[in-house]
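Participant: Here's my sequence, what's the structure:
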Amino acid sequence: MNINRRTFFKNTGAFALGTLVLPEIVKGNSPQFFGNKEIKTVGIQLYSIKDLLEKDLHGTLEQVAKMGYKEVEAFSNSKGHYFGMMPKEFSGMLKDKGLTLIGSHFISGTAEQKAESWRQATLLSRFDELVEKAAETGQKHLTCAYLFPSLRTTPDEVKRTAELFNKAGETCHKSGLQFSFHNHAYEFEKVGDSLLFDYLLDNTDPKLVQWEMDVYWVVAAKADPIAYFKKYPNRFTLGHIKDMSKVDTKKNVVIGDGTIDYTTLLKEAKKAGMKHFIVEQDNFSGDVMESMEMNCKRLVAYHV
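Facilitator: Okay, the predicted model is just below:
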């Protein structure tokens with residue numbers, strides 16, 4: 001069974017953002033670009049352009065490179081991990097276009113779901129095979145992008161998940177990879193006495209388990225990204241950068257057109273150890289590629 005991120009959004013559509021009282025990081029001002037050093041190496045999560053990749057993988061990636069993106073983060077599409085290509089073939093193809101594969105996404109799956117092959121591997125099914133294939137690409141990060149409810153509903157489940165993350169981190173380290181976890185908003189719900197987000201940070205080994213902070217979802221959950229940078233330095237190696245609409249908080253807009261103060265946030269992220277700034281946009285009001293090109297230009301313009 002090929003479960004992907006589209007399934008997640010169907011399963012969690014009831015999460016209402018319209019009534020949120022957003023944290024201090026939301027300013028509603030246009031970005032001001034100043035600081036010490038430009039973000040010259042901007043990444044893209046390919047899920048943002050998933051439909052275009054299904055139609056024309058090579059042509060779309062060539063456009064991505066021309067926009068100025070340098071790093072790529074993959075996901076499992078209809079053909080599975082690496083878009084149906086062999087791992088070395090995929091990363092080599094990206095290199096030929098001037099792009100570097102820095103990591104890829106997978107999901108937790110459930111105990112009942114069995115992957116037919118490594119192409120559909122999850123954290124709970126054929127994970128060792130996925131790690132082996134990921135190592136062949138030369139990428140450095142392997143990121144769990146979604147945790148199914150069966151792994152996070154009760155305190156006992158959350159405890160086992162933390163142990164599972166540490167074990168997955170050990171498996172990745174043996175192959176020269178770094179295991180990471182990507183958040184949405186559900187991690188800021190309490191399970192027992194703790195927020196799921198905090199519990200997993202506190203009960204996993206920082207050397208084995210890093211985080212990919214999706215800033216939009218942290219803000220959507222009424223949490224403060226900068227407070228987490230300061231409390232957990234060097235845990236958020238990867239960052240997903242997308243902005244929140246001023247009109248509809250459930251919608252994404254081009255970076256700089258929304259309510260998130262990235263001028264301040266990106267500096268704090270860099271100080272806290274964030275090394276990869278990855279553009280992701282889940283929904284669009286206009287042309288997808290025009291928006292992604294503007295996202296790249298805007299992010300490069302920020303100084304950190």
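Participant: only C-alpha atoms for contact and neighbour calcs from this point on.
Facilitator: Will do.
Participant: so where's the stretch 1-150 of the chain shaky on pLDDT?
Facilitator: Residue ranges of the stretch 1-150 of the chain with pLDDT under 70: 1-36.
Participant: Spell out the secondary structure type for the spatially closest residue to His81 that is not a sequence neighbour.
Facilitator: Leaving aside its chain neighbours, His81 sits nearest to Arg119 (4.9 Å; criterion: C-alpha to C-alpha, 6 or more residues apart in numbering). Secondary structure assignment for Arg119 (DSSP: H, G, I helix; E, B strand; the rest coil): helix.
Participant: Just confirm Arg119 contacts Lys79, I think it does.
Facilitator: Yes: using C-alpha atoms under 8 Å, Arg119 is in contact with Lys79, at 7.5 Å.
Participant: For these two, indicate the residue with more neighbours.
Facilitator: Arg119 (23 against 13; other C-alpha atoms under 10 Å).
Participant: Distance of the more buried one relative to Ala74?
Facilitator: 13 Å (C-alpha to C-alpha, to the nearest Å).
Participant: Identify the contacts common to the two.
Facilitator: Jointly contacting Arg119 and Ala74 under the rule C-alpha atoms under 8 Å, 6 or more residues apart in numbering are 81-82.
Participant: returning to what we had before: any idea how far the residue nearest to His81 is from Phe236?
Facilitator: 27 Å.
Participant: just Asn183 next, same as before
Facilitator: Counting by C-alpha to C-alpha, the gap from Asn183 to Phe236 is 11 Å.
Participant: Sketch out the strands for this structure, chain order is fine.
Facilitator: For the chain, the strands defined by DSSP state E cover 42-45, 71-74, 100-106, 141-144, 178-182, 190-191, 194-195, 209-214, 238-241, 243-244, 252-253, 276-279.
Participant: helices or strands up against the fifth one?
Facilitator: In terms of contacts (3 or more C-alpha pairs under 8 Å, 6 or more residues apart in numbering; DSSP states H and E), strand 178-182 is packed against strand 141-144, helix 155-174, strand 209-214.
Participant: How far off centre is it?
Facilitator: 9 Å (C-alpha atoms, centre = their mean, to the nearest Å).
Participant: Also the last one?
Facilitator: In terms of C-alpha atoms, centre = their mean, the gap separating the centre of strand 276-279 from the centre of its chain is 9 Å.
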